[in-house]
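Asks: fold the following, please.
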Amino acid sequence: GSPLNGVLPSNFYSNIVSGARPTFERPTYSEPSEKAGRTLLGPQGQYGFRDSTERGVMGELNYSMGNVTLTYVGSYRESDRKEFNNLGATSFTTDFYGSYWQTSHELRLAYGGDGPLQAQIGGYYFKEQSGIAFFINNLLGANTRFGFPQDPTIAENKSAFGQVTYELAPDLRVTGGVRYSNDLKSRVGATVLDSYSSVGDSANIGTFLSRTKFQDNNASRKFSKVTWRAGIDYDSPLGLVFASVSTGYKAGGFNDGCEIGKGPSCGLPAAALYYDPETLTAYEAGFKFRIAPEFRLNATVFHYDYSGLQLSQVSNACGGPCQITTNAAKAKIDGVELDATLQPVDNFSVRLALNYLDARYGQFNPQPAIDFAGRALNRSPKWSWIAGVNYAIPVGEGKVVLDAQTSSRSQYELTDLANFAYFAQPGYSKSDASITYNAPEDRFYVAGFVENIENNLVITGAGTGAFGVVTFSDPRTYGVRVGAKF
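Replies: The predicted model follows:
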């Protein structure tokens, strides 16, 4: 495919203010037309493309012994990725090559039956290894390639878990679970400048001459964490009522570079090289009711407490553009989700959903003069809603299904943390429609669809600086899908 969807920030914004400061001035959104917003004003060095190949196998084995079931789930995957692109909205060309393999294995033993007790224990193992290289052509001089070759990069996880559900009284159950996770992440790599006899674009590279290594990018870290879950649920006459509290964990890692004293050219303090795990405590409660055969209503309220929230942004801290991940001290999310399904007559249904979200930093001082406390998290609209209809028309033994949906989201923030520029995406709507023929017994289907009927511009990322770029989601798209069962 073609990954091109980045333009200059000036296509969408003016009065862009960047840099560390205690205030939060927003750039002015210029409301460009669909064509003007999607127009790249400068020349590109090459036409971008992405070519990925995926290969994999997975399997599941189950063996039952009365009320006990032994299950094994395993998989192995390989992938290769080749991508030619351009650096932001500039004429500098880039290329990426990567080869990956990963394997996962899970073994669990589950106990169940007619009694009040349901339980399972298990273990999980995952490992991924890759060799990757990202290069920018002619950024630091003619006929040079500035890049980050890394081989191997390794991620490994070993986990053990258990969960028990017990029926205290008819239709009233409590659940408790615990999981231990151990993670290893390591990388061997470097930041380099390669010289060639000639460098045009990514498809026209001459003879390799020499390599200058700026720094090693070697690093290795181990992490471990115990997480848990406790919940209660009740099957009421109207439906399920539930509440739970659970904890989550995402392993930490490292940025490009190496720690001072760990090798030649290593120049980063540990605090700049490494980032810590992200942890979460989540509280949820809600219900799933079937109020009448024609009316279903679900509701959930939740509160999430994040500690060490991992935030990534593109920075020039590596002598050129690279991605840097840091930890925010705390973040909090409160929300309410409502969704309903109405079926007033056979073959016709209406679906509705309304979400309220208050996602903000609780404590985050990326620099002493900057306090993010109370500011909204990225891509977190306060309000969003969806309304859709579905109508099925019998055609012989098959059916034709007409479906339409529209959705809306309120304004959300897009902060460039590397430059402290506080962009915003105004509220927008998006509508989709499709018509599908389903053959008898759903043996095959043919569908025509159109998405983003309004052809609205929706910004997904924004940054400023020398390589600043604004990216956006797909314009109006239409097509045909087919599928078959065999």
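
Asks: can you show me the helices along this structure?
Replies: Using DSSP state H, the helices of the chain run over 34-37, 270-273.

Asks: want to throw those helices into JSON lines with mean pLDDT and mean neighbour count?
Replies: All C-beta atoms are positioned from the backbone trio N, CA, C, and that covers glycine. Output for these, formatted as JSON lines (pLDDT from 0 to 100; neighbours: other CB atoms under 10 Å):
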{"stretch": "helix 34-37", "mean pLDDT": "91", "mean neighbour count": "14"}
{"stretch": "helix 270-273", "mean pLDDT": "82", "mean neighbour count": "14"}
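
Asks: just for the stretch 301-450 of the chain, where's the confidence low?
Replies: Low-confidence segments of the stretch 301-450 of the chain, defined by pLDDT under 70: 314-322.

Asks: repeat that for 80
Replies: Within the stretch 301-450 of the chain, the segments meeting pLDDT under 80 span 313-324.

Asks: redo the helices of the chain as CSV? Include distance to Thr415.
Replies: Shown next, in CSV, are the helices of the chain (distance: least, CB to CB, whole Å):
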stretch, distance to Thr415
helix 34-37, 20
helix 270-273, 20
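
Asks: to Trp101, which of the ones you listed lies closest?
Replies: Checking those against Trp101 by CB to CB gives helix 270-273 as the closest, at 26.5 Å.

Asks: what about the closest one, distance to the chain center?
Replies: On the basis of CA atoms, centre = their mean, to the nearest Å, helix 270-273 sits 25 Å off its chain's mean C-alpha point.

Asks: do the same with stretch 85-105
Replies: 17 Å.

Asks: tell me the mean pLDDT for it?
Replies: The pLDDT scores in stretch 85-105 average 93.

Asks: list the buried residues for that stretch?
Replies: 85-90, 92-96, 98-100, 102, 104 (16 or more other CB atoms under 10 Å).

Asks: nearest to Leu139 among those?
Replies: Phe92 (5.4 Å).

Asks: ok, that closest one - contacts?
Replies: 45, 86, 136-139 (CB atoms under 8 Å, 6 or more residues apart in numbering).

Asks: any chance of CSV for those residues, columns distance to Ile154?
Replies: Compiled in CSV, these are given as follows (distance: CB to CB, whole Å):
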residue, distance to Ile154
Gly45, 33
Asn86, 30
Ile136, 25
Asn137, 29
Asn138, 32
Leu139, 29
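
Asks: identify the bridge partners of Val400.
Replies: Bridge pairing for Val400 (DSSP bridges) gives the partners Ile393, Tyr437.

Asks: what about it, how many neighbours?
Replies: 13 (other CB atoms under 10 Å).

Asks: Asp442 versus that one, what's the distance?
Replies: Note on Val400: its distance to Asp442, by CB to CB, to the nearest Å, is 13 Å.

Asks: still on that earlier bit, list buried residues within the contacts of Phe92.
Replies: 45, 86, 136-139.

Asks: strands - which of these land there?
Replies: Mapping the buried ones among the contacts of Phe92 onto strands (DSSP state E) picks out 86, 136-137.

Asks: and which of the residues you listed is nearest Phe223?
Replies: Out of these, the member with the shortest distance to Phe223 (by CB to CB) is Ile136, at 31.3 Å.

Asks: partners of that closest one in the sheet?
Replies: Legend: beta-bridge partners of Ile136 under DSSP bridges are Thr94, Phe146.

Asks: what's the pLDDT at it?
Replies: 95.

Asks: that one reaches Thr144, doesn't it?
Replies: No. Counting by CB atoms under 8 Å, Ile136 does not reach Thr144; the two are 9.1 Å apart.

Asks: got the contact list for the nearest residue to Leu338 once chain neighbours are set aside?
Replies: Counting by CB to CB, 6 or more residues apart in numbering, Leu338 lies nearest to Leu354, which is 4.7 Å off, once chain neighbours are set aside. Residues counted as contacts of Leu354 (CB under 8 Å, 6+ apart) are 337-339, 383-385.

Asks: now Gln405
Replies: So Gln405 contacts 351, 386-389, 431-433 (CB under 8 Å, 6+ apart).

Asks: from those residues, which ones fall inside strands?
Replies: Using DSSP E, the members of the contacts of Gln405 that fall within strands are 351, 386-389, 431-433.

Asks: wait, Asn5 sits on Thr471?
Replies: Yes. Counting by CB under 8 Å, Asn5 touches Thr471, with 5.3 Å between them.

Asks: so what pLDDT did Glu259 get?
Replies: 81.

Asks: what's across from it in the sheet?
Replies: Leu268.

Asks: any idea how far Ala272 is from it?
Replies: Using CB to CB, Glu259 is found at 9 Å from Ala272.

Asks: for the nearest residue to Phe254 once chain neighbours are set aside, grab the count of nearby residues.
Replies: Nearest residue to Phe254 in three dimensions, chain neighbours excluded: Ala219, at 4.1 Å (CB to CB, 6+ apart). By other CB under 10 Å, the residues close to Ala219 number 23.

Asks: hey, what's Ala219 bridged with?
Replies: Arg187.

Asks: follow-up on the earlier one: between the helices of the chain, which gets nearest to Tyr196?
Replies: The nearest among those, by CB to CB, is helix 270-273 at 30.1 Å.

Asks: who touches that closest one?
Replies: So helix 270-273 is contacted by 219, 254-255, 257-260, 317 (CB under 8 Å, 6+ apart).

Asks: buried ones among those residues?
Replies: 219, 254-255, 257-259, 317.

Asks: which one of those residues is nearest Gly122?
Replies: Nearest member of the buried ones among the contacts of helix 270-273 to Gly122, counting by CB to CB, is Phe254, at 29.9 Å.

Asks: most remote residue from this protein's center?
Replies: The outermost residue of the chain relative to its centre, with distances by CA atoms, centre = their mean, is Gly396 at 42.5 Å.

Asks: residues touching it, list them.
Replies: Applying CB under 8 Å, 6+ apart, the residues contacting Gly396 are Pro440.

Asks: equivalent analysis for the one 5 residues further on, please.
Replies: Taking CB under 8 Å, 6+ apart as the definition of contact, the neighbours of Val401 are 390-393, 434-438.

Asks: about what we covered before: how much space between the residue farthest from the centre of the chain and Gly483?
Replies: Taking CB to CB, one finds Gly396 at 19 Å from Gly483.

Asks: can you give me the strands in the stretch 301-450 of the chain?
Replies: For the stretch 301-450 of the chain, the strands defined by DSSP state E, counting those that start in this stretch cover 322-345, 348-363, 383-395, 398-409, 412-416, 421-425, 428-438, 444-451.
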